[in-house]
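> Build me a structure from this.
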Amino acid sequence: MKSILSQTLLSNSVQAFSRSLRLMTWNSFLALIPLALSFWLFRFQKNRDLLWWVGLLVFIAFLPNAPYVLTDIIHLIDIIRDGYSIWIITLVIIPQYLIFIFIGFGSYVLSIVNLGYYLHRNKLGKFTLIVEFTIHALSAIGIYLGRFKRFNSWDFVTQPQILAQTTIEDLADKKPLLVIFVTFIVLFVLYWLMKQVVLSIIFRLRYKRTLQAQMAEKQESVLL
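Predicted structure coming up:
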């Protein structure tokens, strides 16, 4: 009897885990695209040539995919409603979605942090806050268009006129505008909180490297 129950629990756990795995894998891949581009654009590439500007446009187009994972919480609610046991929900489904959301939104935060680094490096740090607000606003619009209008990032190229017309019409409507505004507030608050964590980790790693370098220099001076 215990063996049958264990097999049933294991089977249900695997089913619950694999149910959203394909969706999570695809959305995580889309979220990692702007992160990869942010390292190339803002950390490694020094010349603002034509390829850089094209990469920047692609970065802006794909960036909303990173925080978009926050809206996938609706799939979590649907899975919970399907009657899985509390153990499967607690130990399998919720951790799976937490990791998924962390990857997506973490990519969003790191992407903007890299952009901020680029602005400071080019003596444009005073515009960081304005740029962050602009990015949050554009991402909020992108999330709305993706979730409710089912547009994709590549629709900027495949159907730009329809995308532009839909965006203008929705921005003139109160209900879509309210949804976009609430999304903007959520992005701003969560970004600010997670940014503090990311920056503290970065500063701690830099401090550790500095201490290691100083220790290495002292050891060399003693040997000499």
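> which other residues reach stretch 116-127?
The contact list for stretch 116-127 (Cβ atoms under 8 Å, 6 or more residues apart in numbering) reads Leu41, Phe42, Arg43, Thr128, Val131, Glu132. C-beta: built from backbone N, CA, C; applies to glycine.
> my guess is Ser139 contacts Asn65, does it?
No. Here Ser139 lies out of contact with Asn65, judged by Cβ atoms under 8 Å, at a distance of 9.2 Å.
> that older thread, give me the buried subset of the contacts of stretch 116-127.
When the contacts of stretch 116-127 are checked for burial by 16 or more other Cβ atoms under 10 Å, the buried set is Leu41, Phe42, Thr128, Glu132.
> quick one: secondary structure of the third one?
Spelled out, it's Thr128. At Thr128, secondary structure determined by DSSP: H, G, I helix; E, B strand; the rest coil is helix.
> mean confidence score for stretch 88-105?
Mean pLDDT, stretch 88-105: 87.
> so how far does stretch 61-75 reach from one end to the other?
With Cα to Cα, to the nearest Å applied, stretch 61-75 spans 24 Å between its terminal residues.
> in that stretch, what's buried?
Result for stretch 61-75 [16+ other Cβ under 10 Å]: buried residues Ala61, Phe62, Leu63, Pro64, Asn65, Ala66, Pro67, Tyr68, Val69, Leu70, Asp72, His75.
> Could you point out which of those is nearest to Leu35?
Closest approach between the buried residues of stretch 61-75 and Leu35, by Cβ to Cβ: Ala66, at 7.1 Å.
> contacting residues around the closest one?
Here Ala66 is in contact with Leu30, Ala31, Pro34, Leu35, Gly104, Phe105, Ser107, Tyr108, Ser111, Ser139 (Cβ under 8 Å, 6+ apart).
> follow-up on the earlier one: closest to Leu56 out of the contacts of stretch 116-127?
The closest of the contacts of stretch 116-127, once distances to Leu56 are taken by Cβ to Cβ, is Leu41, at 6.1 Å.
> show me what contacts the closest one?
Trp52, Gly55, Leu56, Phe59, Asn114, Tyr118.
> Those residues: which two are farthest apart?
Trp52 and Asn114 (13.9 Å).
> what ranges of the protein fall below the confidence cut-off?
Applying pLDDT under 70 to the chain flags the ranges 1-10, 12, 216, 219-224.
> longest helix of it?
As assigned by DSSP state H, the longest helix anywhere in the chain is helix 174-223.
> which secondary structure elements does that one contact?
helix 94-121, helix 128-147, helix 160-171 (3 or more Cβ pairs under 8 Å, 6 or more residues apart in numbering; DSSP states H and E).
> can you tell which of the ones you listed is closest to Lys195?
So among the helices and strands packed on helix 174-223, helix 94-121 is nearest, using Cβ to Cβ, at 5.6 Å.
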